[in-house]
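> Here is a sequence together with a model predicted from it:
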Amino acid sequence: MAQNPLLFCGNSNPELAEEIAKRLHLHVGKAEVSEFKNEETRVEIGENVRGSEVFVIQSICRAPNGKGVNDAVMELLLMIDALRRASAARITAVIPYYGYAKQDKKTKGREPISAKVIANILKVAGARRIVTMDLHAAQIQGFFDIPVDNLVAMPVLCNYLKKEGLCDDKIVVVSPDAGGVHRAELFAKRLNSSLAIVFKRRPVPDVAEVTDIVGDVKGRVAVVVDDMISTGGTLAKAAEAIKGRGATRVYTVATHGIFAADAVEVLEKSEIERVLFTNTIPFRNGTQHPKFVQLSIAQIFADAILRITTNRSVSELFEGEALADALVGAPPEALAPV
Ligand code: R5P
């Protein structure tokens with residue numbers, strides 16, 4: 001049996017880090033991640049890490065303590081640097097939500113490729129492996145020359161839908177844009193349902209407009225599948241259009257709930273009956289909104305960490321629905337202590 005891994009986290013998603021640690025029968029290591037008075041990030045690792053396998057859990061998102069996305073990046077980089085200089089044997093950056101992913105290519109002149117910049121600085125800081133979930137574009141894996149495990153939340157989301165009886169010919173899975181068709185196809189296959197596609201355009205950044213719908217949604221419950229909810233515009237507009245074409249109800253599922261600006265209000269007022277998302281990003285609005293359902297993906301990360309530590313296959317986690325469903329439902333005790 002390999003030596004126990006050490007887990008650390010920054011401020012962006014400490015609750016998820018605690019949950020992952022609990023499922024592994026471990027604790028989150030001591031680390032001071034705060035700020036100097038001049039607003040620079042300050043990091044001090046409070047435990048010996050020499051020769052250890054270390055995982056730093058940090059989503060690239062706004063933190064519950066109010067710190068912004070850029071602080072999350074800086075905390076992650078400085079933690080990795082501190083751990084490397086403290087002689088950790090291998091440092092894995094566990095990034096449940098990989099932010100800065102939307103700009104993964106130049107769409108016009110004089111734009112950055114932000115997803116690549118983040119990949120470069122993580123590598124330079126000392127990350128030797130990345131574990132993330134539902135990257136905005138799978139090809140971002142290629143921005144790294146180190147191993148990247150791109151986990152998927154689909155088993156958790158589909159489990160919920162199946163338990164609600166939302167599968168087979170009662171539903172139609174809908175992609176809210178052309179870029180999401182592959183993801184929606186995978187959901188449709190797993191839920192044994194048909195597929196429809198909404199075509200969207202963005203006249204200006206962060207504004208979505210529906211141009212067309214391909215596929216039959218009439219008389220069915222539509223389940224719109226996306227990777228992330230930012231302003232909520234994509235899902236709200238898709239729901240309106242789908243309802244207009246005769247869908248009876250609209251559910252939406254997305255891995256990452258960013259809920260930027262007034263997204264919660266936009267979705268509350270929309271035609272959507274229920275908004276499902278995971279805890280890759282903390283949900284600031286708590287349980288005040290019955291329409292919003294947050295599901296935990298901690299078990300998937302815990303199992304991936306266990307498999308990495310013990311040199312077992314990570315992709316096996318997602319091979320076969322039975323295995324994935326069993327893992328999603330497994331209580332913490334079901335995992336062997338490392
Ligand atoms: C777009 O390519 C993404 O998959 C999402 O559809 C988009 O990021 C959602 O953004 P918003 O909620 O601001 O419409």
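It's in.
> Low-confidence regions, the chain specifically.
1-2, 285-287, 322-323, 325-338 (pLDDT under 70).
> residues from it in reach of the ligand?
Residues of the chain found near the ligand (CB under 6 Å from any ligand atom) are 176-177, 179-180, 206, 208, 226-234. (Each C-beta comes from the backbone N, C-alpha and C, glycine too.)
> Recalculate using a threshold of 8 Å.
The chain has residues 102, 136, 176-177, 179-180, 200, 206, 208, 226-235, 237, 254, 258, 260, 263 near the ligand, with proximity defined as CB under 8 Å from any ligand atom.
> In strands, which of these fall?
If you go by DSSP state E, those have 200, 226-229, 254 in strands.
> Can you tell me which helices and strands the lengthiest helix in the chain packs against?
Determined from DSSP state H, the single longest helix within the chain is helix 69-85. If you count contacts as 3 or more CB pairs under 8 Å, 6 or more residues apart in numbering; DSSP states H and E, helix 69-85 packs onto strand 31-35, strand 41-45, strand 53-57, strand 90-95, helix 114-125.
> Of the ones you listed, give the one that comes closest to residue 155.
Residue 155 lies closest, by CB to CB, to one member of the helices and strands packed on helix 69-85: strand 90-95, at 18.2 Å.
> now for the closest one, which elements pack on it?
strand 53-57, helix 69-85, strand 129-133, helix 298-309.
> Buried deepest among these, which one?
strand 53-57 (a mean of 26; mean count of other CB atoms under 10 Å).
> neighbouring strands for that one, and are they parallel or not?
strand 6-9 (parallel), strand 90-95 (parallel) (DSSP bridges).
> Make TSV out of the ones you listed and add mean neighbour count.
Below are the strands paired with strand 53-57 laid out as TSV (neighbours: other CB atoms under 10 Å):
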stretch	mean neighbour count
strand 6-9	24
strand 90-95	26
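> I'd like those written out as TSV, with distance to residue 324 added.
Shown next, in TSV, are the strands paired with strand 53-57 (distance: least, CB to CB, whole Å):
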stretch	distance to residue 324
strand 6-9	23
strand 90-95	19
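> which one of those strands lies closest to residue 297?
Closest among the strands paired with strand 53-57, using CB to CB: strand 90-95, at 11.6 Å.
> And for that closest one, what's in contact with it?
Contact with strand 90-95 is made by 20, 53-60, 76, 80, 83-84, 122, 126-132, 301, 305, 308, as judged by CB atoms under 8 Å, 6 or more residues apart in numbering.
> Output it as PDB, nothing but the C-alphas.
Coordinates of each C-alpha in strand 90-95 appear next as PDB, following Å, rounded to 0.1, in the frame of the first residue of the first chain:
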ATOM      1  CA  ARG A  90       4.800  14.900  -6.600                       C
ATOM      2  CA  ILE A  91       2.300  17.700  -6.600                       C
ATOM      3  CA  THR A  92      -1.100  17.300  -8.300                       C
ATOM      4  CA  ALA A  93      -3.300  20.300  -8.800                       C
ATOM      5  CA  VAL A  94      -6.900  19.200  -8.300                       C
ATOM      6  CA  ILE A  95      -9.000  21.900 -10.100                       C
END
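> Centre of the chain to it, how far?
15 Å (CA atoms, centre = their mean, to the nearest Å).
> Kindly report the same for stretch 142-162.
Here stretch 142-162 is found 8 Å from its chain centre; the criterion is CA atoms, centre = their mean.
> can you tell me the distance between the two ends of that stretch?
For stretch 142-162, the first-to-last residue distance is 34 Å (CA to CA, to the nearest Å).
> Likewise for stretch 243-252?
End-to-end for stretch 243-252, by CA to CA: 13 Å.
> Done for today, thanks.
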